[in-house]
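Peer 1: Sequence first, then the predicted structure, then my questions.
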Protein chains: 4
Amino acid sequence: MRNIFETEKTKNLIPKIKAFLKEHIYPLETYENINGNFSKIEPTLLQKRDLLKKQGLFGLQLTESEGGLGLTLCEFGQLSEVLAYSPFGHFVFNTQAPDIGNSELLHKYASKELKDRFLAPLQKGEIRSCFSMTEPEFAGSNPTRMGTTAVKDGDDYIINGHKWFTSSADGAAFAVVMAVTNPENPRHQQASQIIVPLDTPGYKFIRNIPIMGHEGDSWASHAEVKYENVRVPQSYLVGPEGSGFKLAQERLGPGRIHHCMRFIGIAQRSFDLMCSYALSRELNSTSRLSDMQFIQGFIAESKAEIDAARLLVLNTANNIDALGASACRDEISAIKFSTANMMLRVVDRAIQTHGALGITSDVLLSYWYAHERASRIYDGADEVHKSALAKNILKNFVSES
Amino acid sequence: MRNIFETEKTKNLIPKIKAFLKEHIYPLETYENINGNFSKIEPTLLQKRDLLKKQGLFGLQLTESEGGLGLTLCEFGQLSEVLAYSPFGHFVFNTQAPDIGNSELLHKYASKELKDRFLAPLQKGEIRSCFSMTEPEFAGSNPTRMGTTAVKDGDDYIINGHKWFTSSADGAAFAVVMAVTNPENPRHQQASQIIVPLDTPGYKFIRNIPIMGHEGDSWASHAEVKYENVRVPQSYLVGPEGSGFKLAQERLGPGRIHHCMRFIGIAQRSFDLMCSYALSRELNSTSRLSDMQFIQGFIAESKAEIDAARLLVLNTANNIDALGASACRDEISAIKFSTANMMLRVVDRAIQTHGALGITSDVLLSYWYAHERASRIYDGADEVHKSALAKNILKNFVSES
Amino acid sequence: MRNIFETEKTKNLIPKIKAFLKEHIYPLETYENINGNFSKIEPTLLQKRDLLKKQGLFGLQLTESEGGLGLTLCEFGQLSEVLAYSPFGHFVFNTQAPDIGNSELLHKYASKELKDRFLAPLQKGEIRSCFSMTEPEFAGSNPTRMGTTAVKDGDDYIINGHKWFTSSADGAAFAVVMAVTNPENPRHQQASQIIVPLDTPGYKFIRNIPIMGHEGDSWASHAEVKYENVRVPQSYLVGPEGSGFKLAQERLGPGRIHHCMRFIGIAQRSFDLMCSYALSRELNSTSRLSDMQFIQGFIAESKAEIDAARLLVLNTANNIDALGASACRDEISAIKFSTANMMLRVVDRAIQTHGALGITSDVLLSYWYAHERASRIYDGADEVHKSALAKNILKNFVSES
Amino acid sequence: MRNIFETEKTKNLIPKIKAFLKEHIYPLETYENINGNFSKIEPTLLQKRDLLKKQGLFGLQLTESEGGLGLTLCEFGQLSEVLAYSPFGHFVFNTQAPDIGNSELLHKYASKELKDRFLAPLQKGEIRSCFSMTEPEFAGSNPTRMGTTAVKDGDDYIINGHKWFTSSADGAAFAVVMAVTNPENPRHQQASQIIVPLDTPGYKFIRNIPIMGHEGDSWASHAEVKYENVRVPQSYLVGPEGSGFKLAQERLGPGRIHHCMRFIGIAQRSFDLMCSYALSRELNSTSRLSDMQFIQGFIAESKAEIDAARLLVLNTANNIDALGASACRDEISAIKFSTANMMLRVVDRAIQTHGALGITSDVLLSYWYAHERASRIYDGADEVHKSALAKNILKNFVSES
């Protein structure tokens, strides 16, 4: 399907990215590489970045001032889908969460000093980072309740707190930490975002939380950590004091496009696997799996859902490009839950089509089935988004009626 | 939500159409007018066309050569949504099915003689027409099985056959009849489309088929008819002999955009009714229906589904404009079942939100609930479209793999 | 499927009831009879009661002391399903709502005087009754908010109020009216149930509310009514003052079994129609509709859902028989929403299987599709039941944990 | 909910089993034990069997002639649900698949010699077994296509073939192997079931197939194996030659009750976890997760679905007890797909309720989410069962209409 959001740049880049994935990345998708510890495959993946650099494909997310292509969010989203065809795609292209989100944050709000020290090596892929916000003691649906504090002491902050789902903390060089700096302020202006280098004394890595039976490691992990009297200079503050939620909100606009296009990439690759397998699987001498109406139903429904979701997300990205994220709040809420659920339905149908093979790790689908279940929870559970979206929509009705 | 397909023309026209509907059409949506015989409200609706003409809003569907605005299919689709906010909208604007489909057909394929005689008065709204294809004896999922024949006799065809769901036949001036003219041809080249003026001897109106308890009449009806030795000149043939299915296919491209945008209009108005009602309904002294998460879920899910469906349909229309309908076959299949089901889900949620009021004819929703159930059946049942779409998709996989 | 709840009585009665329906009632299910005014077919249906009496099948719901069979609720439920195979079944057997509910109420709580005057002729089928509770101004989800009052004046009550969905008021001899008698009491003890003969001055029939485009009449109608200074003796009170909600609750236990078994009957007959049609409809010379997997999916899912729902409802009835309704509160909540939704899914699949025929009034399905949509709303909307059920379930968890 | 199928035996046993699980098994459900290699926890579990023996709870599945309680299938099913509350339950009680199925098979069809040698130690829990049927080269939806052969040679069979999903082969003492012995017979009479001790030369263990990222080991594994000129005595045949499918069918009746009651147990425990967590999770100072309607909806829908499914499965078991499995074919088809899907929906809702915690291995839910996805595939994919059930149902309609 030709989509209205194609540009010369995306038309040019997408085939190159697809070719690169097919040649260099898909062959790496073995059971061991996908399900084993990430640190084992990581060196191989990092080598692939050199190939990318030679082909001029490294740094797709960079602005022109950063030496990049200056793609719009809507353009980058289209590449983002394709990068997500493989679980390794975004990492190899250095466009993986949470680093891309931290980059966008620092690009917009960090001081020159912080940019030089933290952003520059991040964009070169020399270091990794993490974002430390969620706390086990407080429900994620109410992010303004938070136990972590950053108290001024001389020129420093002293940070204390307990976080989990600090994704990719294992091996990261620094964290962006949400902490209450201004408890006297109104709820939404109490917290700030502060950079904490992870070699700072008092930072304690507790564990990589096992997810669906896997602890994972390195980039592919979700850590529980503690900050015990962690001391960082006040200059490590990102944006003004008390702006933590505002920045988190802002991060979410583009961040959600990244997530959603990744979901669409996963759905599209699952769809392709489903179609290929259905065609190739013989049922008997005269019929194939693809002749079964049940399977045809899976394929048709998936096709309509994927294409509609893609347009909805890209239209949102396009509107963010034109109007800014805050003008697109409803759309940004709507794409998260609808796209995540769509992806999970498509992955599920693809598994069912594969039969017993589908639940094995001989195909990618089972990996996504297990590990993308989180998509309906992180970054706002479905229910939180639905409620927030509805409340916002209803405001328009108040003013109109 | 700003959508990418907006143009200067649609931005200019849509507010005018909305204003016209609010002022002149919504007040007519009473129980009696909506559910009574259409012939009773018809004169009032026809009078509204004069107002439209004064405002330059009549003939929105016409090409520039026909004295119209020359809107693209994608532009017209956006108006079409708004016209569907009221069950009377399309009729008042003379853009109602099946007349708009017959107009497009005759515009493209009819001889000058037929255009002068049938198309011109149709476009002026002086007469109505119908399309006579479905037969009770044969499953609609296999349109190439057909009992109606047109046999040459001198310069005439003699037509015999039994049709039903000849929508709007009651009061129509002519029918476009599908009949087998070339039984010796391959399956898909046996039938032709022939104009039959309905005052021709041998045409027998049997009944308006009761649908959901209503026979309806005039435009708002679905007739069962017989053609018994109906004699029409061979010059009443539309397109070449044996092209009946090809023309029917072609008609379906734009026709499906019309249907789907109408579905989206119904969904959008239902959504608006749901939100307004939820806000206004008190549950007790401190809470309203809109505070209930169940209702918020209805609203949020509906919003995401409507917006995604609209983009999918408009993207398809845009591709038809650019590439022609035959290049967009898959997309055209995909929008039909997905949009119809989406609409019915939204209408259903809106009814549930309204509680007991929702099933009454005091609100529009129950009308749509009952009468739009047909949308998952006519013009290809869901199952037929899903199967066809999947088979087509799988062809690409054959050629690629 | 043999079900565990079969007894000698049900095994004996069910074939007789089925035979009666097939011979005497199914032939009456024409478009005109089903969709026209009930008052037209009513005399014919009343005549059938004489046949029933001759066969000893009239009064199936009566206790032994009332001269009946003394069926348990669980036994009667199994007959109730079969009676619901036709929209006319329950009426002909005089087991129709709301009369059966009023009978159960009066049987348990009315004085001898009231029983003689109102219950006796009701059970003989000589008069009809209605239940007047819902008010348009107050959300049904909170039944304790009510505007209707009954104020004592001498030996009388003077009743004022506005009600709607007083089903079957048209032609009824009396109403059981919910009215606030004790506004000083706690919320749930403010209202009482009082009998109002409908020829009492001050009772105003406003209209039969049009539902899905039909006003209906006689038994098959839902009235909006007013009580303006309606004076009835205080002896017309049913149960003690302030017991209105308690009695309404109690009525709901058996009442919900009646509703749910009726839903199951509708689902079962729709299932039978779906299977018969699928088998009989040819797609081409070698295949039938029943060979299509999509249709097979409809059939298989419906079968599993109907059988599970039946067991759940009968198990609940059996528990009510053994333990009383108040001990089965959760089960009674659970069956309502789950069974109503199941029925609507089955009816919907049956329509889809019938294609264009399915939406016509040439088959019963469209009638149920339209008129049974109400089942998810009346007697507690899905959302109300779900919320209430969950809260109750959670109480057990409180006490256990 | 009191259910009609309770007996004195189940009422007596179930509390004992629950108490045993709570005291001895639930504490073992740690991340490491659940997700690590089964062989590590296995010795601990085997020790628990001694406790069971002391309490007289070991051998619940045995007939009276085998020294057991002689529970009906319907009674055992009710225990089976409770045993499934823990992933370790059935194993500790020695009622785990595939051993229980093999036991039932050998009990019914094996010679005295085979019973002494294989069945006796199996029932004592001294050895484990496996069932070797599925082959990677042939679609499971058509079990009569099979590549494995058993050719007579003297008094022996020589078996050659390639199997996968030979569950629990790792560490098993013997396999029951499906192999074609009579290729000249009609399709359904070509195969036989033959016991193969796994220390027989030519048996090759290839791998434990990784499922959802885990290879597993010992009982908790699904092997790919080869039989290369494996020689076993012809006396190792179970049942007559060519009866392989008949026996497999018969095994499926009780086997499916076991599976389905296990699904219900998983659903019930997930439900309990969901309710407990919802109650305990604070959202803010005044509300808990359980106050949210979205969560209440999850709870209410799950309750209705679990209870209905339980009754459907137990009614089927009860009918198998009374009429034999072959008389209950439709019911046995219906319970498999409907119960498996129900369980997965409940597990999914329970995860969503737990939020981020739900996808971690800190709770059981993620384990079931990943590993029970297989339930919609093994032992007949949903689609296979739906199609088979519908075809069978339609046969009744043929004969009736």
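Peer 2: In hand now; what should we look at?

Peer 1: Stretch A:27-42: how far from the chain's middle?
Peer 2: 19 Å (Cα atoms, centre = their mean, to the nearest Å).

Peer 1: what about stretch A:90-104, how long is it end to end?
Peer 2: 16 Å (Cα to Cα, to the nearest Å).

Peer 1: Near chain B, which residues of the stretch 201-350 of chain A? Just list them.
Peer 2: Within the stretch 201-350 of chain A, the residues that sit near chain B (Cβ under 8 Å from any Cβ of the partner chain) are A:272, A:275-276, A:278-280, A:290, A:293, A:295-297, A:299-301, A:303-305, A:307-309, A:311-312, A:315, A:318-319, A:322-323, A:330-331, A:333-335, A:337-338. C-beta coordinates here come from the backbone N, C-alpha and C atoms, glycine included.

Peer 1: Can you give the domain ranges for chain A?
Peer 2: With domains defined by automatic domain parsing, chain A comprises A:8-123, A:129-238, A:245-400.

Peer 1: Tell me which of those sits most buried.
Peer 2: domain A:245-400 (a mean of 22; mean count of other Cβ atoms under 10 Å in any protein chain shown).

Peer 1: Report the distance from that domain to the chain centre.
Peer 2: Counting by Cα atoms, centre = their mean, domain A:245-400 comes out at 13 Å from the chain centroid.

Peer 1: How about the residues of the stretch 301-401 of chain A by chain D?
Peer 2: Close to chain D, as judged by Cβ under 8 Å from any Cβ, the stretch 301-401 of chain A has residues A:351-352, A:355-362, A:366-367, A:369-370, A:373-374, A:376-378, A:381-383, A:386-387.

Peer 1: give me that answer again for 6 Å
Peer 2: Counting by Cβ under 6 Å from any Cβ of the partner chain, the residues of the stretch 301-401 of chain A close to chain D are A:G355, A:A356, A:I359, A:T360, A:S361, A:S366, A:A370, A:R373, A:A374, A:I377, A:A381, A:E383.

Peer 1: from what I can see the last one touches D:F294, true?
Peer 2: Yes - in this structure, A:E383 is within contact of D:F294 by Cβ atoms under 6 Å, at 4.3 Å.

Peer 1: Now do the helices in the stretch 101-250 of chain A.
Peer 2: A:112-114, A:120-123, A:244-280 (DSSP state H, counting those that start in this stretch).

Peer 1: Check which element follows the last one along the chain.
Peer 2: The first helix or strand that comes after helix A:244-280 along the chain, using DSSP states H and E, is helix A:293-323.

Peer 1: can you tell if that next one touches chain C?
Peer 2: Yes - legend: contact between helix A:293-323 and chain C by Cβ under 6 Å from any Cβ is shown at A:Q293, A:F294.

Peer 1: helices and strands around that helix, which ones?
Peer 2: If you count contacts as 3 or more Cβ pairs under 6 Å, 6 or more residues apart in numbering or on different chains; DSSP states H and E, helix A:293-323 packs onto helix A:73-83, helix A:244-280, helix A:329-354, helix B:293-323, helix B:329-354, helix B:382-400, helix C:293-323.

Peer 1: That helix versus helix A:73-83: what angle between them?
Peer 2: Angle, helix A:293-323 to helix A:73-83, by axes from the mean of the first three to the mean of the last three Cα atoms, to 10 degrees: 150 degrees.

Peer 1: Mind checking the pLDDT average for helix A:293-323?
Peer 2: For helix A:293-323, mean pLDDT is 97.

Peer 1: Kindly report the same for stretch A:71-90.
Peer 2: 98.

Peer 1: And A:E137, how far from chain C?
Peer 2: Computed as Cβ to the nearest Cβ, to the nearest Å, the A:E137 to chain C distance reads 19 Å.

Peer 1: repeat for A:F91
Peer 2: Noted for A:F91: a distance of 40 Å to chain C, by Cβ to the nearest Cβ.

Peer 1: Name the nearest residue to the residue of the stretch 101-250 of chain A found nearest chain C, sequence neighbours excluded.
Peer 2: Taking Cβ to the nearest Cβ as the measure, the stretch 101-250 of chain A has A:A139 as its residue closest to chain C, at 17.2 Å. Nearest non-adjacent residue to A:A139, counting by Cβ to Cβ, 6 or more residues apart in numbering or on different chains: D:L283, 5.1 Å away.
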